[in-house]
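Asker: build the 3D model from these lines:
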Amino acid sequence: MVAEPIPSTGELQDQGLTPLEPAWKAVWRRFKRNRAAVFGLVVLTLLYLMAIFAPVLATQPLEFIDYSQKNRPPSLEHPFGTDQFGRDVWSRIVWGSRTSLTVGFVAAGVAVAVGTLVGGIAGYYGGSWLDIILMRFAEAVDSFPFFFLLIVVVSVVERSLFTIMLVIGLTSWPSLAMLVRGLVLSIRERDFVEASRALGASDRRIMWKHVLPNTVAVIIVSATLRIGYAILYEAGLSFLGFGPPPPAASWGKDIALGREVLRQAWWVATFPGLFITLTVLAFNFVGDGLRDALDPKMKR
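Answerer: Numbering: from 1, shown residues only. Alright, predicted model coming up:
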């Protein structure tokens, strides 16, 4: 028996049919429909390029100080003005982008890893003693005022950029764990999981091959949104003096310095604040776009 040849794209179109589209192309096509998401993606791309090429884009070194140029208003030489130490605000924003974006990415990664692991195990063994222990622990962590918990932990441990990333990640996972648990509870009852179990597949194989892959879309969206939240938390800690120690630059630290001279030099605090707002909005726009693009119920 000779197999029939697969029709080409042109032949399918002549018959009024549409060829099967790869999943990633369908996701990208749906994502592009959301103008806000595309705008957010462009902004984030520019911000990460700015962080990568900070030594080229910054007009001053990170530790530069020149009191003769303090509190200068925006000009051609200093587009965003200077602060009370004579440092170029634009250069501080460029250097600070490295801190904020790194903290956001790493902290969100830690939160997603811990939340997915805890939520996946609790959901797969839903109703067992393991599920009860994990969820009660997640609820206990989630019951503390989050920002207050951050301040307490950061004030106790040695303050460094790595510590701040780790603390933000390890204190922001409970809500994601509860979300993943609910998804896994639903997925584990589906027919393909029951079929795998009937064929003798181990719990570990079912979890990694069948259950968790079906939660990837939700995890990706949650991770995108959490990067923006982590950037806000780091900025808040830096504003209160609990951020990365000098000489590390931080948008939150620059806002705190600008507060002292807000009436005389409004630009010192305004421009870092605008960059924080723009970055968080961009991550939220991309997260919303991914949520719609990854939803299988969306129209093609």
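Asker: what residues does the helix or strand harbouring residue 185 touch?
Answerer: Using DSSP states H and E, residue 185 sits in helix 174-187. Contact with helix 174-187 is made by 111-112, 114-116, 118-120, 122-124, 126, 131, 134-135, 138-139, 141-142, 193, 210-212, 214-215, 218-219, 222, 226, as judged by C-beta atoms under 8 Å, 6 or more residues apart in numbering. For the C-beta atoms, the positions are set from N, CA and C on the backbone; glycine is no exception.
Asker: buried ones in whichever strand or helix holds residue 275, by neighbour count?
Answerer: Taking DSSP H and E as the criterion, residue 275 maps to helix 267-293. In terms of neighbour count (16 or more other C-beta atoms under 10 Å), helix 267-293 has its buried residues at 267-272, 275-276, 279-280, 282-293.
Asker: which strands or helices does that helix pack on?
Answerer: The contact analysis (3 or more C-beta pairs under 8 Å, 6 or more residues apart in numbering; DSSP states H and E) places helix 267-293 against helix 23-33, helix 35-52, helix 89-124, helix 216-239, helix 251-260.
Asker: which SSE is immediately downstream of the longest one?
Answerer: If I follow you right, that is helix 89-124. Next along from helix 89-124, by DSSP H and E: helix 129-143.
Asker: buried residues of that following helix, list them for me.
Answerer: For helix 129-143, a neighbour-count test (16+ other C-beta under 10 Å) marks 131, 134, 135, 138, 141, 142 as buried.
Asker: now it against helix 174-187, angle please.
Answerer: 150 degrees (axes from the mean of the first three to the mean of the last three C-alpha atoms, to 10 degrees).
Asker: could you give the mean pLDDT of whichever helix or strand comes after helix 129-143?
Answerer: The first helix or strand that comes after helix 129-143 along the chain, using DSSP H and E, is helix 146-156. Averaging pLDDT along helix 146-156 gives 79.
Asker: with stretch 32-41 instead?
Answerer: Here the average pLDDT along stretch 32-41 is 89.
Asker: same thing with stretch 249-256?
Answerer: On average, the pLDDT along stretch 249-256 is 89.
Asker: chain center to it, what's the gap?
Answerer: 20 Å (C-alpha atoms, centre = their mean, to the nearest Å).
Asker: which other residues reach it?
Answerer: By C-beta under 8 Å, 6+ apart, stretch 249-256 touches 62, 83, 89, 92-93, 95-100, 234-241, 243-244, 268-269, 272-273, 275-276.
Asker: ok, now with 7 Å
Answerer: Residues outside stretch 249-256 that contact it (C-beta atoms under 7 Å, 6 or more residues apart in numbering): 62, 92-93, 95-96, 99-100, 234-239, 243-244, 268-269, 272-273, 275-276.
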